[in-house]
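# sequence and predicted model, in that order:
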Amino acid sequence: MMMGGVLVPYAKLAEKRMEQQNLAEVMKSNLEKILSTGCLIKDLDVGLLDFPAIVDNQEVYLCWKLGEDRIRYYHRQDEGYSGRKPLDPRDTGPGPHLQ
């Protein structure tokens with residue numbers, strides 16, 4: 001069908017719309033699964049996640065960012081990413097886990 005001199009591919013458009021709706025449902029379902037674990041998604045674009053925990057008798061968030069090999073940091077609940085502290089000061093970064 002022509003609209004304003006442009007041929008609109010309705011079948012292809014409907015197919016793409018259905019793909020988008022299906023992907024949105026998959027994403028919503030997966031986000032709900034993540035949230036049901038108690039995890040807090042702080043920044044989806046960056047891949048920043050917090051997990052409620054207790055460290056030194058204080059309620060904190062364990063903090064993980066996409067690309068990090070494991071959870072190595074935490075911060076108080078009134079702090080954010082910039083307040084991250086190492087769970088173990090001897091942990092110098094990626095590599096073998098400390099025992």
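Yep, that arrived. Keep in mind it's a predicted model, so treat the numbers as computed, not measured.

# what number of residues lie near Tyr61?
24 (other C-beta atoms under 10 Å). Glycine gets a C-beta too; all of them are placed from N, C-alpha and C.

# residues contacting the closest residue to it other than its chain neighbours?
Using C-beta to C-beta, 6 or more residues apart in numbering and skipping the chain neighbours, the partner closest in space to Tyr61 is Asp50 (3.7 Å). Contact analysis of Asp50 by C-beta atoms under 8 Å, 6 or more residues apart in numbering lists 39-40, 42, 61-64.

# where do the strands sit along the chain?
2-3, 6-7, 40-43, 48-55, 58-65, 73-76, 85-86 (DSSP state E).

# Arg17: which of those strands is closest?
For these, the distance to Arg17 is smallest for strand 2-3, at 16.8 Å, taking C-beta to C-beta.

# could you list the low-pLDDT ranges of this protein?
Filtered on pLDDT under 70, the chain yields the residue ranges 1-5, 95-99.
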